[in-house]
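Engineer: predicted model and sequence below, questions to follow.
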Amino acid sequence: MRLLLVTEKFKPRPDQCDGGARLVQALRGSFGPILDVAQFDDGQENDQPAPVFRFTYPNANTNRFTRRIANASFIASQVRTLLPSYTHVIFAHISMQFGFADAPLKDVIVWTFPMFLTPSYAASGEIVPPEYTRLERDSLAGTGRILTPSYFEKLQLTRYYGLPDERIRVVPRGVSKFPPTLSKRPSLDTPRFCSVGS
């Protein structure tokens, strides 16, 4: 078994560290040497070690939706050249799969982590082009194994995109690690509780 992880989040700049970056880190830690990374980015360097494969986008549009649409065929072309060496391909964001919307991958097992979709972008006030949403819908239709850390995103996938429930699995991210030692201190005040979620 050989896995190829297709992502933008292997070497994120500090302003790009998010759930996708944590996912990539967790997958690399879990699969070790049987997982290779195909990193797509704008070509800016940082001090982290290089992935196995690194590709610089030919279109560097500052609007992320336009950039993702414009680079879809480039991503697909590069991934297709790598395919003969792999049994599984993992896409860490649905936009990484846009170039396969009209011709889904065959002869390889495809896993998709959608990560963030049109309804969430729209809810956060972003303007999503209709072409972007169409590519999401077509790309999701062509993949059989969808993993998400969120029950909310699963509802989006079934209600907004009309995907069958049985194609989607929810795997919560969990907590990566705790501090090595916890100190106790007495509280003279009323206890306060905080919940942090993603």
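Structural biologist: That came through fine.

Engineer: report the central residue of this structure.
Structural biologist: Central residue of the chain (C-alpha atoms, centre = their mean): A92, 2.5 Å from the mean position.

Engineer: what's near enough to touch that one?
Structural biologist: L5, V6, T7, E8, K9, G20, L23, V24, L27, F113, M115 (C-beta atoms under 8 Å, 6 or more residues apart in numbering). The way it works is simple: take the backbone N, C-alpha and C, and place the C-beta from them, glycine included.

Engineer: the fourth one - how many residues pack around it?
Structural biologist: Going back to what we said before, that points to E8. 23 (other C-beta atoms under 10 Å).

Engineer: same thing with the fifth one?
Structural biologist: By other C-beta under 10 Å, 24 other residues sit near K9.

Engineer: residues contacting the residue nearest to it when sequence neighbours are not counted?
Structural biologist: In this structure, K9 finds its nearest non-sequential neighbour in G20, 3.9 Å apart by C-beta to C-beta, 6 or more residues apart in numbering. G20 makes contact with T7, E8, K9, P12, A92, H93, F113, M115, according to C-beta under 8 Å, 6+ apart.

Engineer: start and end of stretch 10-21, how far apart?
Structural biologist: When the termini of stretch 10-21 are compared using C-alpha to C-alpha, to the nearest Å, they are 6 Å apart.

Engineer: avg pLDDT for it?
Structural biologist: Mean pLDDT, stretch 10-21: 65.

Engineer: just to revisit the earlier point, export the contacts of G20 as TSV, with columns for secondary structure.
Structural biologist: Shown next, in TSV, are these (DSSP: H, G, I helix; E, B strand; the rest coil):
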residue	secondary structure
T7	strand
E8	coil
K9	coil
P12	coil
A92	strand
H93	coil
F113	strand
M115	coil
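
Engineer: just flag the most distant two among these.
Structural biologist: Spanning the widest gap among the contacts of G20 are P12 and F113, at 15.1 Å by C-beta to C-beta.

Engineer: of those two, who's got more company?
Structural biologist: The neighbour comparison of P12 against F113 (other C-beta under 10 Å) goes to F113, with 24 against 18.

Engineer: what does the model give that one for pLDDT?
Structural biologist: 93.

Engineer: what residues does it make contact with?
Structural biologist: So F113 contacts G20, L23, I90, F91, A92, H93, I146, L147, T148 (C-beta under 8 Å, 6+ apart).

Engineer: same thing but 6 Å
Structural biologist: The contact partners of F113, taken as C-beta atoms under 6 Å, 6 or more residues apart in numbering, are A92, L147.

Engineer: show me where this protein dips below the pLDDT cut-off.
Structural biologist: Along the chain, segments meeting pLDDT under 70 span 11-19, 45-50, 173-189, 191-198.

Engineer: one more pass at 80, please.
Structural biologist: 9-22, 42-51, 172-198 (pLDDT under 80).

Engineer: quick one: the helices in it?
Structural biologist: Ranges of helices in the chain, per DSSP state H, are 19-31, 64-70, 72-82, 118-123, 130-141, 151-155.

Engineer: of all those, which lies closest to F98?
Structural biologist: helix 72-82 (3.6 Å).

Engineer: so what secondary structure elements neighbour the closest one?
Structural biologist: When contacts are defined as 3 or more C-beta pairs under 6 Å, 6 or more residues apart in numbering; DSSP states H and E, helix 72-82 packs onto no helix or strand at all.
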